[in-house]
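Novice: sequence plus the predicted model coming up.
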Amino acid sequence: MDYIDGFVVPVPAENREAYRALAAKVAPLFMKHGAKRLVECWGDDVPDGKVTDFRGAVKAKEGEVVVFSWIAWPDKATRDAGMAAFREDPEIKMEADMPFDGQRMIFGGFETIVDEAG
């Protein structure tokens with residue numbers, strides 16, 4: 001089963017298009033380095049929780065939207081090599097003025113244990 005990199009990040013609502021454009025720019029580079037799929041989801045129904053929630057996890061501020069993203073890789077070895085190659089790829093030049101605060105992004109790698117499709 002796939003190996004998944006998951007990301008949650010707060011993005012100022014006014015930066016939606018800039019974020020979408022950045023994601024569209026990097027997606028082919030991840031594919032070039034072995035990713036199978038990249039999905040970016042703009043928060044639409046992200047409720048406040050009683051104990052914890054997505055907004056609290058990334059310390060989202062007023063006017064920020066939570067973005068949930070994932071990259072599917074064939075396996076962890078491909079992901080490790082692909083992420084290393086992505087970081088060194090001369091085609092990727094991350095702007096100093098990113099459309100989000102990367103310090104509040106949470107991310108991690110996940111081994112798939114159930115994958116059902118209907």
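Specialist: Arrived safely.

Novice: please count neighbours and contacts with C-alpha atoms only from this point.
Specialist: Will do.

Novice: helices of this structure, start to end?
Specialist: Along the chain, the stretches classed as helices by DSSP state H are 16-32, 54-57, 76-88.

Novice: and of those, who's closest to Thr112?
Specialist: helix 76-88 (10.5 Å; Cα to Cα).

Novice: could you list the low-pLDDT ranges of the protein?
Specialist: Where the chain drops to pLDDT under 70, the residues are 94-96.

Novice: okay, which residue of this protein is out on the far edge from center?
Specialist: Centroid-distance maximum for the chain: Lys50 at 25.0 Å, with Cα atoms, centre = their mean.

Novice: just the strands in this structure please.
Specialist: 3-12, 37-42, 64-73, 106-111 (DSSP state E).

Novice: got those strands as CSV, with mean neighbour count columns?
Specialist: Shown next, in CSV, are these (neighbours: other Cα atoms under 10 Å):
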stretch, mean neighbour count
strand 3-12, 21
strand 37-42, 16
strand 64-73, 21
strand 106-111, 13
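
Novice: what would these look like in CSV with distance to Ala21?
Specialist: Shown next, in CSV, are those (distance: least, Cα to Cα, whole Å):
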stretch, distance to Ala21
strand 3-12, 13
strand 37-42, 11
strand 64-73, 14
strand 106-111, 20
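
Novice: what's in contact with stretch 1-15?
Specialist: For stretch 1-15, the surrounding residues in contact (Cα atoms under 8 Å, 6 or more residues apart in numbering) are 19, 54-55, 58-61, 63-76, 79, 99-102, 104-113, 115.

Novice: for Ala72, give me its contacts.
Specialist: Asp2, Tyr3, Ile4, Asp5, Ala35, Lys36, Arg37, Leu38.

Novice: now Asp53
Specialist: Neighbours of Asp53 in contact, by Cα under 8 Å, 6+ apart: Pro47.

Novice: if we go to 10 Å?
Specialist: Val46, Pro47, Lys59 (Cα atoms under 10 Å, 6 or more residues apart in numbering).
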